[in-house]
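**Student:** I'd like to go over a predicted model; first the sequence, then the structure.
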Amino acid sequence: MFFDVPKSHFFANLAITIIFTLFIFYPALSSFGHVLIGTEDMGFFLWLFWHTENSLQNGQNPIYASEIFYPNGAYLTTTSITPLQTLLYITLPESWGPFGKVTFLQILSYILGGIFSFALAYRFSHSFVPSLIASVIFNFSIYHFEKVIHHLNYSIAFPFLALFFICYFKFLEEPRKKQSIILLSIAILLLTLSEATVMIMATFIVFIDILCRYAKISKIEFFSPKNFLLLSGSTLLCLFIQILLFFQDAPLYLIYTCPSLPFLLACIIIFSPRLLIELERTNYFFTNFFVSLLPFFAYLIILLFHSNNSTNNIDPGTFLSYIKYSSGLEYLFLPSNFQQISSFLPISLPVHSEIGTYLGIISLLFIIFSLFSKLEKEEYYFRNLFFFCMLISYPILIILDTIIYIIPFFVQPIFPLLGVLRVPSRFIMFALLFFSIFLALIIKRITMEKPIWKFFGIIILCLLLIERWPATTLFIFDSSIPEFYQQLASLQYLTPIYLYPNFNYYILNREVYYQTIHNMPISYGILSRFPKSNNSQIVLSDVVFHELNNVSAFSMANLIKSNGYDYIVVQKTTCNMTHECFMQLSHPINETVLSKIKAKLLIYFDNPIYEDNSILVYQTKTMNRNIN
C-alpha cells in the first residue's frame, strides 16, 4: 500500500492523473522546449531560475543579484525564490531549455498533486471514485491552473499542502509514534521550501483546528438565543464601526482592522466557557485564560490610541493590495476565460491574477445539500473547515468590482505573520482541499445508501472535469524577443542598460525575461514584497522609480554618465487593465507622452539607434559633450 491506499487504486489514480495532465499541457508538449504555458509573471520566474543557475555555476551567492539595479545590485532575501523548484530546475537536462524545464515542473505539480490529494481523501473515504473526485476538485481546480501558469512557487505548494495534511492527521492519530513525527517534519520542510507563506497559512489553520479540538467547539450551540445575539450584534457593531471610520477619514489600517475586533471578542466570549472547563481540567484555571486575552486587549488599545505621527510607518499600500487582489464573489460560480467551457457561453468573466477561485454550480449544490441534511462527524468537520477557510478567503465582499462589505473575518492584518500574505483569497487553497474531502465523504455515503446510484460518482466526476477544463491555448507565453536584444546576446563584453522608467510592473516582467537572453545588467528589477520606503537602500537612485517627466533631463543624463550605462531603452507599449496585462495584451503608449520622452532624450542624445513596435533604443556614446 502507498499512503494507506491499495496498490491497484494508487496506480489507477496515477494513470488517470497523468493522462489528464498530458492533455492539459499538450500545446507545450507538442513543441517541447519551444512553447510554454504561462502569463506575464512567468517572465520573473524564468529570470529567477536563470539567475540562480548562473550564480551557482560561477560560484557566486544566488541571494545577491548584481545584474539588476545596476551598478549596486540587490539582495533577493525578500523575494519568492522558491528554493525547491529552483533546485529541481537546475538538475534537469540543459537540452530541454528553459521552457522545457518549466513545463516539466508544471506537469510535476499536477502529478504530485493528484497523488497526494487522492491519498488524503482516501484516508477518510476508503473509496476509489469519491477520492478521485476529491483529487479533481483540488488538483484540477482553476485556482491550481492559475498558479501553475502564473505563480510557480504556489503551484508546487499545492501537492505538498495535501501531503502536509496527510501527515498532520496521521500525527493526530499517533502522536507518540516516531514515524508520524518524522513524516510531518518532512512535509513541513517540503511545504516551506516550496512557498513559505503557504506554510504560514497552514500554521494558522492548524492552530485554529487544535484550539477547536482542545475546547471541543463542536459541542457549543452557536445558534442558541444568547450566542445568536452575540454574533449578530457584534456583526452589526462591526458594520457601524466600519462606516464611522470611513466617514471620519480614518487611516486605512484602522478601517480594515478595528471592525473585526468586536466579532472576535464575541467569539472569545462564546468559546470561553468551554475553554475554561478544559483549562480547569488541566490545572491552569482562570489565570491562564485571562493572561491569554491580554494580547487581544493590548492590540485593541494600540489600534485605538495609535499616534498620528506613527501612522506614517504603516504602508497603506498593504491594505490597498488586499482590495486589489480580493476576488469577486461572482468568480466562485460563474465561468471565466480560464475555462474551456466559457467559449461556449454567451458571457464569461475576464481573468487576472488571484481570481481563479471557481467552485462551480455542482459544488454549490452539494454545499446547499449539506446545510439541509444530517451529516456524519467527519463530514461535519471538513464542511466547517471549508466554511472557515472561505470566510477568511473573502474578508472583503466584492461583486462586479464594487466593495459591498468588509466582513469580521479580516484576519490577515490582525494575526502575526499573516500580513505578509497580501492576498486574502489564497486561503482558497485550503478551502478547496477541505471541500474535496467533504465531497468525497458525501458521495461515498450517497452511493452506499443507494446502490442504484453507483454511477452517480462517475457522472459527477465527468461534469466536474468539463466545467474545470482549462483553456490552455489562451495562455501561451509570449516568447518574442526584440532583435536589438538578440544582437546584444552575441557580445563578449557587458553593456549596461538604463530602462527608461515609463513602464509598469507587467512590462518589467518582459524586461527581466529579456535579460535571460541578452545577459546584460539593467537599471531595474523585480523584488517581491519589498517595502517601497526602502527602495533607496537597494538601488542607485530614486530617479529610477519616477517618471522622467518629473525629473530634469540633466539629472537623468548625469545619472547615466556616472554609472556607465551604454544604452537607454524606452518602452513603446504598455497595458492598463489588469486582465489585459495578465493575458499579455499590450498596446502602444500615448503618442503625446512618447513625443515628450523623445524631446527630453534628444537634449543630450542623438536619434535612436534602434526602434521597433515595442522598444526605442538610444546609445549613450552619442551623448552631447555639453554635460559636465
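**Tutor:** Noted; the coordinates are in hand.

**Student:** only C-alpha atoms from now on, for both contacts and neighbour counts.
**Tutor:** Fine.

**Student:** show me what contacts the closest residue to Cys581 other than its chain neighbours?
**Tutor:** Spatial nearest neighbour of Cys581, chain neighbours left out: Cys575 (5.4 Å); criterion: Cα to Cα, 6 or more residues apart in numbering. Cys575 makes contacts with 506-507, 581, 585-587, as judged by Cα atoms under 8 Å, 6 or more residues apart in numbering.

**Student:** ok, now Gly564?
**Tutor:** Each residue near Gly564 by Cα under 8 Å, 6+ apart is listed here: Pro496.

**Student:** for it, give me the pLDDT.
**Tutor:** Gly564 is assigned 84 on the pLDDT scale.

**Student:** just for the stretch 51-200 of the chain, where's the confidence low?
**Tutor:** 78, 80 (pLDDT under 70).

**Student:** can you give me the strands for it?
**Tutor:** Taking DSSP state E, counting those that start in this stretch as the test, the strands found in the stretch 51-200 of the chain are 64-65, 74-75.

**Student:** about what we covered before: can you say which of the contacts of Cys575 are buried?
**Tutor:** For the contacts of Cys575, a neighbour count by 16 or more other Cα atoms under 10 Å gives the buried set as 506-507, 581, 585-586.

**Student:** how close does Leu84 sit to Leu105?
**Tutor:** Going from Leu84 to Leu105 by Cα to Cα, to the nearest Å gives 11 Å.

**Student:** tell me which of these two has more neighbours.
**Tutor:** Neighbour totals were compared for Leu84 and Leu105, and Leu105 leads with 21 against 18 (other Cα atoms under 10 Å).

**Student:** ranges for the strands of this protein?
**Tutor:** 64-65, 74-75, 396-399, 402-406, 497-499, 567-571, 573-574, 587-588, 610-611, 615-619 (DSSP state E).

**Student:** and these, which is most packed in?
**Tutor:** strand 497-499 (a mean of 24; mean count of other Cα atoms under 10 Å).

**Student:** what sits up against that strand?
**Tutor:** Strand 497-499 has contacts (Cα under 8 Å, 6+ apart) with 520-524, 560, 565-570.

**Student:** rerun at 10 Å
**Tutor:** 68-70, 508, 511, 520-525, 544, 559-560, 563-571, 617-620 (Cα atoms under 10 Å, 6 or more residues apart in numbering).

**Student:** got TSV for the buried ones among the contacts of Cys575, with pLDDT and distance to Pro159 too?
**Tutor:** Output for the buried ones among the contacts of Cys575, formatted as TSV (pLDDT from 0 to 100; distance: Cα to Cα, whole Å):
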residue	pLDDT	distance to Pro159
Tyr506	82	28
Ile507	83	31
Cys581	80	28
Leu585	80	31
Ser586	82	34
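
**Student:** tell me which of those residues fall in helices.
**Tutor:** Within the buried ones among the contacts of Cys575, residues falling in helices by DSSP state H are 506-507, 581.

**Student:** any buried residues in the helix ranked longest in the chain, and which?
**Tutor:** Assignment by DSSP H gives helix 97-125 as the longest helix of the chain. For helix 97-125, burial by neighbour count (16+ other Cα under 10 Å) applies to 98-123, 125.

**Student:** what of stretch 488-504?
**Tutor:** 488-489, 495-503.

**Student:** and these, which two are furthest apart?
**Tutor:** Pairwise distances across the buried residues of stretch 488-504 peak at 24.2 Å for Ala489 and Asn502 (criterion: Cα to Cα).

**Student:** wait, which of the buried residues of stretch 488-504 is closest to Cys167?
**Tutor:** Phe503 (45.6 Å).

**Student:** quick check: the closest one vs Phe582, distance?
**Tutor:** 15 Å.

**Student:** for Leu193, list the residues it contacts.
**Tutor:** 81-86, 153, 156-157, 160, 187, 199.

**Student:** switch to 8 Å and redo it
**Tutor:** 82-84.

**Student:** excluding covalently adjacent residues, which one is nearest to Lys170?
**Tutor:** Sequence neighbours aside, Ser180 is the residue nearest to Lys170 in space, at 6.3 Å (criterion: Cα to Cα, 6+ apart).

**Student:** what is the neighbour count of that neighbour?
**Tutor:** Neighbours of Ser180 using other Cα under 10 Å come to 18.

**Student:** surely it touches Ile166?
**Tutor:** No - contact criterion Cα atoms under 8 Å: Ser180 and Ile166 do not qualify, at 10.1 Å.

**Student:** any idea of the pLDDT on Ile452?
**Tutor:** 65.

**Student:** and stretch 326-335, which residues are buried?
**Tutor:** Quick answer for stretch 326-335 (16+ other Cα under 10 Å): 326-332, 334-335.

**Student:** what about it, distance to the chain center?
**Tutor:** 16 Å (Cα atoms, centre = their mean, to the nearest Å).

**Student:** same question for it, mean pLDDT?
**Tutor:** On average, stretch 326-335 scores 79.

**Student:** distance between the ends of it?
**Tutor:** 17 Å.

**Student:** can I get the ones in helices among the buried ones among the contacts of Cys575 in CSV with distance to Phe49?
**Tutor:** Converted to CSV, these look like this (distance: Cα to Cα, whole Å):
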residue, distance to Phe49
Tyr506, 19
Ile507, 19
Cys581, 22
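
**Student:** please work out how many residues are found near the closest residue to Gln85 other than its chain neighbours.
**Tutor:** Closest residue to Gln85 apart from its sequence neighbours, by Cα to Cα, 6+ apart: Ser194 at 6.7 Å. Other residues within reach of Ser194 by the criterion other Cα under 10 Å amount to 28.

**Student:** over to His579?
**Tutor:** 14.

**Student:** check Tyr325 too.
**Tutor:** Neighbour count of Tyr325, defined by other Cα under 10 Å: 17.

**Student:** which secondary element of the protein has the worst mean pLDDT?
**Tutor:** helix 285-304 (a mean of 49; mean pLDDT, DSSP states H and E).

**Student:** wait, the residue nearest to Gln85 sits on Leu88?
**Tutor:** No - using Cα under 8 Å, Ser194 is not in contact with Leu88; the gap is 10.9 Å.

**Student:** related to what we said a few turns ago, return the member of the buried residues of stretch 326-335 nearest to Ser31.
**Tutor:** Pro335 (28.7 Å).
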